[in-house]
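Participant: My questions concern the predicted model and sequence given below.
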Protein chains: 2
Amino acid sequence: MTNAPWLDDDEQKAWRSYLQMRRTLETHLARHLQREFGLSESDFEILVNLSESETGRMRAYELGEATQWEKSRMSHHLTRMEKRGLIRKEACEARYPEIVLTDEGLAAIKACAPGHAGRVREFFVDVLGKERMLALGEAADDVIDAVDKHQRTDCPPEVRGCG
Amino acid sequence: MTNAPWLDDDEQKAWRSYLQMRRTLETHLARHLQREFGLSESDFEILVNLSESETGRMRAYELGEATQWEKSRMSHHLTRMEKRGLIRKEACEARYPEIVLTDEGLAAIKACAPGHAGRVREFFVDVLGKERMLALGEAADDVIDAVDKHQRTDCPPEVRGCG
DNA sequence: CGCGCTAGGTTGATGTGTCAACCCAGTCGG
DNA sequence: CCGACTGGGTTGACACATCAACCTAGCGCG
């Protein structure tokens, strides 16, 4: 119907393959996590970060650095996770509260980590093989850098450092 | 805090790079589409499929095949798009209604396609270069196949073909 | 005929992500 | 001291995705 100024055939094919991989992998992994452990990928990401820290407690800000989430998303999600007992917001001497991994949260991440890692290995690591996997990792870093650089120089000068 | 049976360093690095690329690219592209044209990526996907068809009209089922969305997601989204005037659900002789691209919808996709394609080229095609792009496309196809195959053999025999 | 099944499609509840507006302790300039 | 600004964090409204339940035309079969 349209003859739009899209991408050429090769470009389009690669891009659509990428989009479908993204969708397929994400829904597949998310579904397993949800069905078997009642965790979303977001829950998982927070729990991983907390459990990898020395003390199991971090400020929301640090979690934001680690995950690159928007602060409002973080706030909403932490509220929901607290409601489910996976974490706790704990006031401390400093101005801002700390996010603490609860026993329940620790148990949850310990329970689901092996299965999740196994699935990542099955559908990503093993399918690609070491070389292609490393190449994809580097390619991804290049893309990330390109977008980051763009974002830094995109906005008007007085707003630099935004985002 | 935990010494979980995760992925090894290389694997972890590649996987996390992939995850971040996915997130970075998606939010960046989505934000532009939304800010400049008031379209979500989902809107875009539907409009692309309709506009690429000969007649600008398809059944919801065909759109489902093309996009791999769940039927309920499709239904909800088409309802929202109809409310905004981008498409119309039109009863026809056959049992199920056809989804029709409206003039407004056609205008929207024509307006935003070049910019969107340009951004895909800027942050994906050009950053990777032809060879890596093609390699990534093939890698993605392999991953998709692996997950698909798993899904087909995963569920109990009497449910085969589910999904 | 009539019963039940299938499959495209809809609906409602719920969890999630985003934007914009807001809150407020600290800080800096006057 | 005061007023403006900054930046971490919260809130509310809304768009979106998913699940499970439901509706219903057509079909197969007794």
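Facilitator: Looks like it came in fine.

Participant: and the angle for the host helix or strand of residue A:12 with helix B:9-37?
Facilitator: Per DSSP states H and E: residue A:12 is located in helix A:9-37. Here helix A:9-37 points in a direction 110 degrees away from that of helix B:9-37 (axes from the mean of the first three to the mean of the last three CA atoms, to 10 degrees).

Participant: do helix A:9-37 and DNA strand C meet?
Facilitator: No: on the criterion CB under 7 Å from any atom of the strand, helix A:9-37 is out of touch with DNA strand C, staying 8.1 Å away. Heads up, the C-betas are built off the backbone N, CA and C, glycines and all.

Participant: what's the model's confidence in that helix, averaged?
Facilitator: Average pLDDT, helix A:9-37: 93.

Participant: Any chance you could list what contacts stretch A:103-123?
Facilitator: Stretch A:103-123 is contacted from outside by A:25, A:28-29, A:32-33, A:36-37, A:39, A:43-44, A:47-48, A:50-51, A:56, A:81, A:85-87, B:1-2, B:4-7, B:11, B:15, B:143, B:146-147, B:150, using CB atoms under 8 Å, 6 or more residues apart in numbering or on different chains.

Participant: Swap in 6 Å and give it another go.
Facilitator: Stretch A:103-123 has contacts (CB atoms under 6 Å, 6 or more residues apart in numbering or on different chains) with A:29, A:37, A:39, A:47, A:51, A:85-87, B:4-7, B:15, B:146-147.

Participant: Quick check: the two most widely separated of those?
Facilitator: A:85 and B:146 (35.4 Å; CB to CB).

Participant: Neighbour count: the two, which is higher?
Facilitator: residue B:146 (19 against 12; other CB atoms under 10 Å in any protein chain shown).

Participant: near DNA strand D, which residues of chain A?
Facilitator: So chain A meets DNA strand D at A:27, A:30-31, A:34, A:59-61, A:64, A:71-72, A:74-76, A:78-79, A:89, A:96-97 (CB under 7 Å from any atom of the strand).

Participant: mind running it again at 6 Å?
Facilitator: Within reach of DNA strand D by CB under 6 Å from any atom of the strand, chain A has these residues: A:27, A:31, A:59-61, A:71-72, A:75-76, A:78-79, A:89, A:96.

Participant: Most neighbours among the contacts of stretch A:103-123, which one?
Facilitator: Counting by other CB under 10 Å, top hit in the contacts of stretch A:103-123: residue A:87 with 28 neighbours.

Participant: Now it. Nearest residue, chain neighbours left out?
Facilitator: Spatial nearest neighbour of residue A:87, excluding adjacent residues (CB to CB, 6 or more residues apart in numbering or on different chains): residue A:81 at 4.9 Å.

Participant: do residue A:86 as well
Facilitator: Nearest non-adjacent residue to residue A:86 (CB to CB, 6+ apart): residue A:105, at 3.9 Å.

Participant: The one you found belongs to a strand?
Facilitator: No: using DSSP: H, G, I helix; E, B strand; the rest coil, the secondary structure at residue A:105 is helix, not a strand.

Participant: What about it, how many residues nearby?
Facilitator: For residue A:105, using other CB under 10 Å, the count is 25.

Participant: Do you know the pLDDT at it?
Facilitator: Reported pLDDT for residue A:105: 96.

Participant: could you measure it against residue B:18, distance?
Facilitator: 25 Å (CB to CB, to the nearest Å).

Participant: Get me the contact residues on chain A for DNA strand C.
Facilitator: A:40, A:42, A:43, A:70, A:72, A:73, A:76, A:77, A:80, A:95.

Participant: Look at the third one and tell me its secondary structure.
Facilitator: State at residue A:43, reduced to three classes by three-state DSSP: helix.

Participant: measure it to DNA strand D for me?
Facilitator: 14 Å (CB to the nearest atom of the strand, to the nearest Å).
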